[in-house]
Every structure is written in structure tokens, then in C-alpha cells.
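K.L.:
have a look at this prediction, sequence included:
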Amino acid sequence: MKFNLDGLDVYFPYERIYLEQYEYMRALKQTLDAGGHCLLEMPTGTGKTVCLLSLITSYQLAHPNCGKLVYCTRTVPEMNSVMEELGTVLAYREERLRLDREAEGPASSGAGGDIEEAASSNSNSQQQQQQQQQQQIQQRKRKRIYGPKKNKHGRHNMGPSASPNGAGGSGALALCLSSRRNMCVNERVLRQGDREGIDAACRSMTAPWALERARKAGSAGGRPGAASGQGEEERGGIETCSYYDGFSAAGEATSMPSGVYDLEELKKWGEGRTWCPYYLARRAINHASVLVFNYQYMLDPKVAKMVSKELESESIIVFDEAHNIDSVCIEAFSVTIQSRHLEQATRSLGRLSGEINRVKASDGARLQAEYRDLAFVDVLSYFQHRACRLVSGAMGIMTDYTGTGYSMTSPRRDEIDPIYPAVAADRGGSPGGRHEQDAVGVLARMITTTNLEAKPLLRTLQVPNLDDFDALSDVADVASLVATYSEGQPRFAIIIEPNVEGEQNPGIQLACLDSSLAIAPLFKRFGSVVITSGTLSPIDLYPKLLQFEPCVSQSFNMSTFRPCIRPLVITKGSDQLPVSTKFDDRGDMGVVRNYGTMLVELCGAIPDGVVAFFTSYSYMESIVGEWDGMGIMRQLTKSKLVFIETKDVVETTLALDNFRRACDSGRGAVFLSVARGKVSEGINFDRHYGRAVIMFGVPFQYTLSHILRARLEYLQVQYQIREQDFLNFDALRQASQCVGRVIRSKVDYGLMIFADSRYNRHDKRSKLPKWILQFLGDGQLNLSTDTAIGQVKHFLRIMAQPVDQESLKEVLLTVEEVESMTRSEPTLLIAE
């Protein structure tokens, strides 16, 4: 449909629209009009992505001066899903604009003449033509309520646009960008398998010094790919990439035509022209109107400076599924160094010294020229010398504290001396007689200038594998962060612990405490930043955590024609013994047995797929072990196959595939997973894959963690956020994210089971999203297992009935209803 929203023509690729979609787009438009930022919580499975894309692309069409749409996702599957939805939106807009032009054509071409009879004789035929065109439009629009048909591959209009006016009828170009591993088409490089190997192989074949050697070898005129036909080319014994060679040779001709390109289409387009898709996308970023990539491309400074530094200030930044955005920001500015990393850094320093001596001996003039390009006199030797002392100082301080955990939560300037002897030793002056503020300033500038990721230094030393220097780079990052943020209020904690990540390995952790550090530049630089998710409640904490003032902050209810969600709070087993994962109760055999019996009875009553989430990997492993000893696992396998999430990504992916196969075959399966894990964040269990989600316990963070304690103290002092308020907020958003996996559309249905007595408390359940609370009545609280089983069977019996299409249409708004609402509501009330 095409409708007018407060003066903006919105192209929405479906015949009807839900009420919450209309309200969501209206709040989004108000944000763009005001040039501010917003927080929007949209119910899961109600078309949030298509609303974002429809509204913002329509806004770009109506406002040519509007910048790019930068859509940030978390995973590659989400990225491809966004691109597919975008293809649907632009294809509909292109078709609608074409039909509008055809409808206007006869009217504009039939301008008045000298003979009134001719005009009157043509009027009837023109009216008939217009009526026929309107009928054609309506017929095309009303073929499906849920949008245009997919082709046999399930992809919407990917690749270059065949329209003379380009994609979307306006020449739009939409790209996505990911790592080399996801975009490379060179089979020789892809054989490396892991990300580090692929990056190293790519650099060894595309680095300027490698290409220079190949040219000097005298075989630069060879046909690309002639050596093996798999993308590599032998030039005098030096292997180069034919795709990169073709890309470089094309120069400015490597422009991309208007269209929508997901990762597969980018690879297909580049491979067909012998152009590297990765570098092609990097170059085409400045010409694109829509960009889709990972959070880190905007939040991580090291990545953002290479990808997003040239984006216009008028660009619109969208963070989708952003319920954990504060954690992502903190991770981007936190560094962990273990003792083995320091050993690797020491070896890297030895290799760096050898490379410097080799280059000095072979091409001293080139190295001197590189020195002049840098900001220091003999800065490389200075860096090498100070890095050695920095590493040795870190190893020394780590050795002193290997017995017990130690936390320094206020890394002020006077606390840098014992941690960084290399910095403290240079307080007296600066190298080469240069006038610097002090050693901390020297260190910050030195690290910035000679960063191991920087192209000039690596090009000079001709080092293809940057991953060999990761450990040394981490040490440099720690020093750079401390030097940069040593002034003002403390925003980092230096944690020295004997065991890091459960390993018998001492380490230093520089933990960022202020999540606003990473995202504050985006709020300052761009006019509109949209933070949205299905689980932002309680929404009022995000402005404090991220330090910004949203002009719109709103949470929406779900419109539904039937109660498709049934939340249940189970507080006790069939024996009336309370169940909880509290530390004092989780080891009680009665609680363990009740949880096991609960899972067995629920799996016996619920068909198809069931997903169970636990609070941590360790708790899941311990309780599954106890269940196995009690015979509960054998009972469970009688009704469903059992699959378990592990920390290994490959194992978990295989388990998910087999879980879906078991559900497809009718055997049914239960998937045991962990809150905050891979499955809880990026995997949907729609339809028969997830008829119920069980949340065993409240997923609080480990409260004895030194990093968490430091952050809680920081939030209390700086933002007056109480410790318990933040812990409840964080745990309940994780629980909401887990149970939200069960519902993905209005015709879908599922059970959300909260199995812990603490969910019965108002201070806990009140922090659940509004769209869950609207289905949670008093009769679904404080249930025992046997009472809950009765409600489960009743709910499934009702949901098993065929969907009433007429009832479904009642919650869908037509174009006329939408425009009447727009006229009757000239202003939007913002939920504070």
C-alpha cells in the first residue's frame, strides 16, 4: 500500500498494516523530522524490519538531501534477511511509481486543443483507460495479504535492477559489507578455513609489496586466473589474486549499477567480472544509499575508521535488536591480556626487530622515508624499545598478583606508574628532544601513529599476517586506552586476576565501565540514531546507560485477533516445593527433581519443538548430569529427542540442524540452551520449531565478577543507578529475549514458561515488555507444574484450530483506515 503519513508518502509492500506498525512508523517519522534520536520497542514478529525500511527509504525519496541509511545488525543471517526485505520494499516502490507514471501519462498528454469536440470525445476513453489501470493496480495489490510472492529461491529482486529508473524507481544502491571470510571468492584463499588464515592469505596476495614483487618478476601481462582457474595467478613464482588484479586494473570503472546486493549477489557480481567483492563493496560504500553491516563497523573505533569515517552527518543510523547495545559498546573498549599473550607479544617483538634489521639492510632509504612519513624521529625504534619495557612491566605486575585477584577500579594518572614502568620511566622527557605533554601523551601519539594495524608500517616491513601480532596489538591497545582516558572521571577498571575465563592463566583486564564511550561519537556526529528491539524494557534505563536524550521513547503493544502468546509463571513443582535457581536452592535435590519432572511433563504435553534455556553453561551441565543419574533423561527421550548447545559453534550449528530435522519429521525435539548464548540471540524458533520456550531461573550475571562489581559501582556513583535495579534490568531483558524466540508472526503461537518463584514478584515481572505483560493475567501466576500442564493443554487445543482469516483482517488496517487515522491524529503523543 501507499499511504500518506503526516505529509510523507510511505511505500509499504503489503496490502494491509497492523496498528503497531502504523504507530511505529509514525514515531520513527517524528524522530527524523526532529533530527533527534529515539528508543523504540516493537513486539517480536510484527514486522519491525519492514517498517524501518519502508519509512526510512520513503523519507530518503522525499528528502533528497537526506543521507544514507546505515542498518546495523548482529549476525550474517540477519544481514541477509534485511537485504531480502529491502529488495521487497524497493521492488514494490519501483512498481508503484511506474504505475503512477502510467496513470498520469494519458492525463498530461491529453492537454487542451482547439476543437472541443475532440476533447469531449477523448474524455470517455481516457476515463475508461484510467479505470482499467486502477483495476490492474488493485488486482496486483490484492493477490496476497502478506506481501509479494517469493521466487523459487526465496529471494526478492536481488542484484542489479532491470528498471530504467533503477532500484526503487530512484536509482537506489543497497550494499552489505562483512569480513573477507564471508565475501571472498578466491578458492585458494577460502581453503584456509578460519578467519585468521583467510585474512593472512588475502593480504599475502593483495599487499602492495607483493604486487610490486610480481610486477618486477616480469609476468604482469598474464591473463587473470590463467595459472589455476581458481582466482590465483602465478607471476614469476609470486602468487597474486586475479580478482584483486582485475579490480585494480578496472580503476574508476568499478562502479556498481543500481540494485540490492546481499553477500551472495555481491560475490556473484564480482566473480562474473573478475573483481574482488570485498574491495568492490569497500569502494562502493560512498555511492550507496543503504548500507547494512555489523555493529562493530560503527562502534569499534579501529574498524569504524576504515569503513564509516566518510559517512555524511545527515545519515540515519539504525541499531536493530539493540537490547544488548550497552554490552557491545563496553566490549569494543575492553581488552584482556593473559600471560600467554604476553609471551606471544615478546616473540612478536623479536620478529619485529628482525624485520626492522632486514629492511634496514636491504632498503634503508625506504625505511628512512617511512620514518619521515611518521610523526616521530626514529619512532619505530622508540616504539620497539618502549613496547619491550611495557610487556616486561605487565608480566612483572601479573606475576606479583597471581596468588589472589586484584582490582584497580580507578586507573588515574598516579596509578599508571606501577602498572606501566615503561611509561613511568619516561616521565622526565620525550624522545628526540620533541616537545610533548608528558610520557602518557607520547605513548598515546606513538600508539596512534605506529599502530600495528596501520598500513604504512606493515607495508614497509612487508608483513602479510597481522594476526601474528594480535597479542602485541592488545598490549598497545591497553596502553593507548589508559593514555587517552587517564584524565577526568575514571571510566575503566584494571582487573588483575589469577584465573581468566575459567583457565589457570593469570591475566590483566582493562574493563570499560562506561558504555557511552563507544556510541557517544555517533550521537554527536549523526542527526538521527535509532535504537530498536523487541526487548528494551525497562526502556528508561538506556538513556542513562548510553548518555543521550531521545526525542521519542516508546514501547508498543501487540494487536492480535487471538491470544497467540501464553506466558505462565511456574513457582513450584507438583509436590508444592518452590523451584528457583537461587544460589542457595539450585543444588537442592528436590528443586533439581522438580525441574526435571516439569520438563518431562511439558515435553509430553507439547508437540513438535521445545526450547529450554538455563542461566549458565555450568548450571546446565550440572543439572543435566543430575537428571541423567535420576533417570529423567531416559524419560525425556521417550517423548522427544534431546539436543544441547555447547560453546563450540560448529557443534551447536550441527545440533540446531538436527533439531529442525527432528521437528520436520514429526518426532519432536527439545533443545537445551543457555541465556546469553548463541541460540538465545540470533536463532528463531518459529512455527513448529518452537511451540514452547522454558526459562529455567532468572539469568542474573555472575555477581562476584570483579568487572561486574566495578561497573555496578560506577553506575551507582556516576548515574545513581542502584545495583539491584541494573541487575534486574539486565536479567529480565535476557529472559525476554529468550522467550521471544517462540513467536515470529501473528499467525504463529507459543508458550512462554518462566520457571522460577522469583518471577511471581512484581518487581521482576513488571520489567517484562508490555507486549508480554498484556497476555499475562493473574490466573497465569504462581502455578504448580500440574496446574500449568492443564493450562498448556487448553491453550494448545484452542490454537490448533484453523486461523480465521476474517478475524485476522480485523486487526489489519486498510489504506482508507490508515489515512483517516492520520487526519484524526495530527500530533503524536510520546510515551515517556
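P.N.:
Received, thanks.

K.L.:
low-confidence regions, the chain specifically.
P.N.:
For the chain, the stretches flagged by pLDDT under 70 are 105-156, 217-237, 355-356, 359-360, 362-468, 486-488, 498-505, 825-832.

K.L.:
in it, where's the longest strand?
P.N.:
strand 565-572 (DSSP state E).

K.L.:
what packs against that one?
P.N.:
strand 750-755, strand 783-784, helix 785-799 (3 or more Cβ pairs under 8 Å, 6 or more residues apart in numbering; DSSP states H and E). Backbone N, C-alpha and C define where each C-beta goes, glycine included.

K.L.:
can you tell me the strand partners of the second one and which way each runs?
P.N.:
Take DSSP bridges as the rule and strand 783-784 pairs in its sheet with strand 565-572 (parallel).

K.L.:
how close does residue 657 sit to residue 74?
P.N.:
Using Cβ to Cβ, to the nearest Å, residue 657 is found at 20 Å from residue 74.

K.L.:
kindly report the same for residue 160.
P.N.:
28 Å.

K.L.:
residue 266 too?
P.N.:
From residue 266 to residue 74 the distance is 20 Å (Cβ to Cβ).

K.L.:
with residue 206 instead?
P.N.:
28 Å.

K.L.:
one more: residue 256?
P.N.:
Counting by Cβ to Cβ, the gap from residue 256 to residue 74 is 26 Å.

K.L.:
can you give me the helices for the stretch 201-350 of the chain?
P.N.:
208-216, 242-250, 263-272, 277-284, 296-299, 301-307, 325-332, 339-362 (DSSP state H, counting those that start in this stretch).

K.L.:
show me what the first one is packed against.
P.N.:
Contact analysis of helix 208-216 by 3+ Cβ pairs under 8 Å, 6+ apart lists strand 238-241 as its packing neighbours.

K.L.:
report all helices and strands that the strand it packs on contacts.
P.N.:
helix 195-206, helix 208-216, strand 232-235.

K.L.:
which one's more surrounded, residue 206 and residue 74?
P.N.:
residue 206 (23 against 19; other Cβ atoms under 10 Å).

K.L.:
what about the helices in the stretch 451-600 of the chain?
P.N.:
455-461, 470-484, 516-525, 542-546, 589-605.

K.L.:
nearest to residue 261, out of the ones you listed?
P.N.:
helix 516-525 (24.7 Å; Cβ to Cβ).

K.L.:
buried residues, that closest one. List them.
P.N.:
Judged by neighbour count using 16 or more other Cβ atoms under 10 Å, the buried positions of helix 516-525 are 516, 517, 518, 519, 522, 523.

K.L.:
contacting residues for the second one?
P.N.:
If you count contacts by Cβ atoms under 8 Å, 6 or more residues apart in numbering, residue 517 has them with 329, 333, 485, 491.

K.L.:
can we see that at 7 Å?
P.N.:
329, 333, 491 (Cβ atoms under 7 Å, 6 or more residues apart in numbering).

K.L.:
could you flag which of these are buried?
P.N.:
329, 333, 491.

K.L.:
would you mind measuring from residue 352 to residue 204?
P.N.:
For residue 352 relative to residue 204 (Cβ to Cβ), the value is 18 Å.
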